[in-house]
Every structure is written in C-alpha cells, then in structure tokens.
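# coords please:
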Amino acid sequence: MSLLRRFSASSRDLKLFLVASFGIGMAGSIIDATLNNFLNFRFALTGFQRSFLELPRELPGLLVVVVSAMLAFLCSRRLGALSMAFSMLGAVLMGAFAKTYAMIMVWLFIYSLGQHLFIPVASTIGMELAADEKVGRRLGQLNSIRNLSAVIGSFLVFLAFKYVGLTFKHTFFIAGVGFGLSVIVMFMMQPKTPHSAKLFLKPHREYRSYYLLAVLYGSRKQLFLTFAPWVLVTVFRQPTQTIATLLTIGGIIGIFFQPLLGWSIDHFGERLVLASEALLLIVVCAGYGFARNLFAPQTAFIIACGCFLLDQMLMSVNMARTTYMRKIARDPSHVQSSLTLATSMDHVFSISIALLAGTLWSAFGYQYVFLLGAIIAAANLFAALRIRLPKPLPRRAAPGLSPAMEQAPK
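Numbers count the residues shown, from 1 in each chain. This is a model prediction of the structure:
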C-alpha cells in the first residue's frame, strides 16, 4: 500500500514514465531471452558470424550522436517516444521477415537504433524527474521498475516455450506491442525545451574522464551482451528456457539491488562504486572463461550461471557514470548531449571489440574472449580510481539540474 500511495502522490510525468519504463523493460527482456536461441535455431551461426551481427546491432550506437543531432528539434521525451517506435518496428520485422542472414541484419539495425537512442534519453528523463540530492535513488528506482517488468517478460517467455508452444514469431510480436504501448505513454508526457543540435556534436575537454569511463564500459558491455549468453547456448548447450530463467532470477534480484545501488551512489560516491564494479568484473571474467577448464561440467555450469547473474547486476553500475557526468557538467544542457556523445564514442570501441573477440573465439577459443574482458576491467579499475569530483555546491546551484528539476517529486 505504501508503494501505491507513493505512486499516487507522484507527478503525472513520473507516473507516465514509470508505466513506459515497465513496458520497455518487459518488451526488451522478451527480445533478450529469445534472440540468441532464435539466431542459433534459424541460422546455426558460427562464433564469428554471431560476432559479425554485432556490426548492425552496434552501428546505431556509433551513429546515435548524429541521429540525435538531426532530431534535436525533439525534446528528450518526444525523442524517447520515437526511439521506441524504431524498436517496435524492428522487433516485429525480426519476427515476421527474418528469412535470411542479410534481412536479420537490417531488422536488427532498426531495432537497435531505437534501443541506442533511448539510452541517454532514459537517463536524462530520470534525472529531470529527480530531487537534487537523490538522483542516484531515482535512477535506481526506475531501473528497479524495469527489472520487475523484465522478470515478468522473461517468465512469460519461459511459460510460452515450455507449456504454450509459442513460436519466436509470436514472442517478437508481443515485444513489439510492449514497445508500441510505451510510445503512446511517453508521447503523453509534458514536452521540454529541446537542446541545440550543435551541443550533440561538440566534445568537451573537461569531461574526458567521463568519456574514458564510457568507452571502457561500452567495450566491457559488448563482450558480455554478445558472448556471455553465447557461451551458455553453445558451450553449455542450454535451451531458451535456461536463458529466460536466468534473466528472471537476475531481474528479481535487481528489483531490490537497483534501489540499493542508487542509494550507495548517493552516499558513498561514484569512485568507490565504479572501482568495486571493476574488481568484481575481473572475477566474473575468470569464472566465464576458465570454470569449464578447472571444474566438473555441472560445477562449471553453476559457476557460469552465477557469473551471468552477477554480470547482470554490474551492468546497472552504469548509472554511477551517469550521475558522475551530471556532477561535473558545467551547464545543465551539457548532460544529455554528453551522454549521447559518449554513447557514440564507446561504440567505436565496442564494435571493434566484438569483431576482435569473435576472431579470438574462432582462432583460440572462448576463454581468450574473457581474458580480454579481464584486461578491460583492470583498465576500468585504474580509470575509476583516478576520477575526482568537484566540491559540492549550494543546492540552488547544483550542477546538471535546472531549478525546475529541483521541484521534482521525491
């Protein structure tokens, strides 16, 4: 009842964004739970072919700053609605018309364009709807909502494939409906003043530490989004139900973990949180890459599943990079544009990392993919320990928030 009262007391825009986040989380989890098995079932891809699919999947991330600049006449909320329209279209086309490898590349590009456009927009809207001193908490709450919806989406996939007999086509269509509903809800939000297109294309020297953290995150993220589930599917021979089950368990954990993470960022600071993430990521890399060489098959599989779940939690630490950018921003208008530019910058490296990792897998084995991940994690630790935050300013002059944001509901 307390949650219902807090929801009722929230502003209209916050309610709408919570509903949109729920739909987006559910639809995205349906795609995540089925995509790798769908690709393996439909095309029987090799490790290199699977990694090559990351080119159309990640190319939108490289282009997102250009696309965002072209769409600068749209405020963050309208851009969010448009991005989900792209995801809806891509999901439906993947389910209905993915007859060849070339076609899936095109549909995956459209779907991914929507996903990548939404990444900086989601953080921007979340911070707009937060009180000044509780930005981490608000982002954690929004991520918790997406986790809850992801649990439901993954559980639906489990039921659909185990008991109902739905096909991949059906699940992609259901995901498209979820994205479509989020388009409608986000379009109902109160529009804000859009930023100048020039802001999206201009890097700032003062933010180079944030750009470095974003590049390292993008490189690390790409390895695990692509190759962690691929290890479970191809090395451990796990069906769709296993991936869906792990995503469900991870989502349940995330419901409680995300608000705690947001609270930790607000209370302990980004430096400690990001350094802790890097240390844990080294452990995850070791588990993914070498458990099968060191332990019995069943034990190795349990360790791999544990690494999968821990990695899901660590992905959420990206909100610490977002709040760090907000704290060092010299002007509120720099926040969304810098988040967008960093998304494009990290994809320059993530695309290269995906191709390099696919080559390593084919030439030497999957273990070397995660050895590369451990090296990236070590670099991330070094970068996190070097960040410095500006001294806190009076609340009325806090960087990265406009006076209107300070009146956002708690």
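
# quick one: the residue lying farthest from the centre of the chain and S316, what's the gap?
Distance from the centre of the chain peaks at A296, with 32.7 Å (CA atoms, centre = their mean). As defined by CB to CB, to the nearest Å, A296 lies at a distance of 31 Å from S316. Every residue, glycine included, has its C-beta placed from N, CA and C.

# Which secondary structure element is home to the residue nearest to F73 when sequence neighbours are not counted?
Distance criterion CB to CB, 6 or more residues apart in numbering; nearest residue to F73, sequence neighbours excluded, is P194 at 5.8 Å. Under DSSP states H and E, no helix or strand contains P194.

# wouldn't F155 be in contact with L247 here?
No: F155 is beyond contact range of L247, at 9.0 Å (criterion: CB atoms under 8 Å).

# Is it correct that S83 is in contact with I110?
No: when contacts are counted by CB under 8 Å, S83 is not listed as touching I110 (11.2 Å).

# Those two: which has the busier surroundings?
Remark: of S83 and I110, S83 carries more neighbours, 31 against 19, as counted by other CB atoms under 10 Å.

# and after the strand or helix carrying that one, which helix or strand comes next?
According to DSSP H and E, S83 maps onto helix 76-97. Per DSSP H and E, the first helix or strand lying C-terminal to helix 76-97 is helix 101-128.

# how about whichever helix or strand comes after that following helix: buried residues?
Per DSSP H and E, the first helix or strand lying C-terminal to helix 101-128 is helix 135-159. For helix 135-159, the neighbour count (16 or more other CB atoms under 10 Å) marks 135-158 as buried.

# Could you do stretch 227-247 as well?
Within stretch 227-247, the residues scored as buried using 16+ other CB under 10 Å are 227-235, 238, 240-247.

# Equivalent analysis for stretch 58-73, please.
Under the neighbour-count criterion of 16+ other CB under 10 Å, stretch 58-73 has 58-65, 67-69, 71-72 buried.

# Looking at these, spot the one nearest T124.
Minimum distance to T124 across the buried residues of stretch 58-73 is 10.9 Å, recorded for S68 (CB to CB).

# re the thing from before, shared neighbours, S83 and I110?
Contact criterion CB atoms under 8 Å, 6 or more residues apart in numbering; no residue bridges S83 and I110 by contacting each.

# where in the stretch 301-410 of the chain is pLDDT low?
Applying pLDDT under 70 to the stretch 301-410 of the chain flags residues 390-410.

# I'd like the buried residues of stretch 58-73 as JSON lines, with distance to C307, pLDDT and secondary structure appended.
As requested, the buried residues of stretch 58-73 are exported to JSON lines (distance: CB to CB, whole Å; pLDDT from 0 to 100; DSSP: H, G, I helix; E, B strand; the rest coil):
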{"residue": "E58", "distance to C307": "22", "pLDDT": "77", "secondary structure": "helix"}
{"residue": "L59", "distance to C307": "28", "pLDDT": "84", "secondary structure": "helix"}
{"residue": "P60", "distance to C307": "28", "pLDDT": "88", "secondary structure": "helix"}
{"residue": "G61", "distance to C307": "24", "pLDDT": "82", "secondary structure": "helix"}
{"residue": "L62", "distance to C307": "28", "pLDDT": "81", "secondary structure": "helix"}
{"residue": "L63", "distance to C307": "32", "pLDDT": "87", "secondary structure": "helix"}
{"residue": "V64", "distance to C307": "29", "pLDDT": "87", "secondary structure": "helix"}
{"residue": "V65", "distance to C307": "32", "pLDDT": "85", "secondary structure": "helix"}
{"residue": "V67", "distance to C307": "34", "pLDDT": "88", "secondary structure": "helix"}
{"residue": "S68", "distance to C307": "34", "pLDDT": "85", "secondary structure": "helix"}
{"residue": "A69", "distance to C307": "38", "pLDDT": "84", "secondary structure": "helix"}
{"residue": "L71", "distance to C307": "38", "pLDDT": "87", "secondary structure": "coil"}
{"residue": "A72", "distance to C307": "40", "pLDDT": "82", "secondary structure": "coil"}
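
# Rebuild these as TSV, extending it with distance to I328.
Listed next are the buried residues of stretch 58-73 as TSV, based on distance: CB to CB, whole Å:
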residue	distance to I328
E58	26
L59	29
P60	27
G61	23
L62	24
L63	26
V64	21
V65	19
V67	25
S68	21
A69	22
L71	26
A72	23
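
# Could you single out the nearest of these to V335?
So of the buried residues of stretch 58-73, ranked by how close each gets to V335 (CB to CB), first place is S68, at 13.1 Å.

# what's that closest one in contact with, if anything?
By CB under 8 Å, 6+ apart, the contact list for S68 reads L79, L117, P120, F200, S337, T340.

# could I get the residues you listed as TSV with neighbour count and distance to L272?
Shown next, in TSV, are the contacts of S68 (neighbours: other CB atoms under 10 Å; distance: CB to CB, whole Å):
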residue	neighbour count	distance to L272
L79	25	33
L117	27	31
P120	29	24
F200	24	31
S337	27	27
T340	28	27
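
# farthest pair in the residues you listed?
Across the contacts of S68, no pair lies farther apart than L117 and S337, at 13.4 Å, counting by CB to CB.

# out of the buried residues of stretch 227-247, which are inside helices?
Using DSSP state H, the subset of the buried residues of stretch 227-247 located in helices is F227, A228, P229, W230, T240, Q241, T242, I243, A244, T245, L246, L247.

# Of all the residues you listed, the one with the weakest confidence?
Minimum pLDDT for those is recorded at T240 (70).

# returning to that earlier point: with respect to F172, which of the contacts of S68 is nearest?
Nearest to F172 among the contacts of S68, counting by CB to CB, is L117 at 19.7 Å.

# residues in contact with the closest one?
P60, V64, V67, S68, L79, G80, L82, S83, F86.
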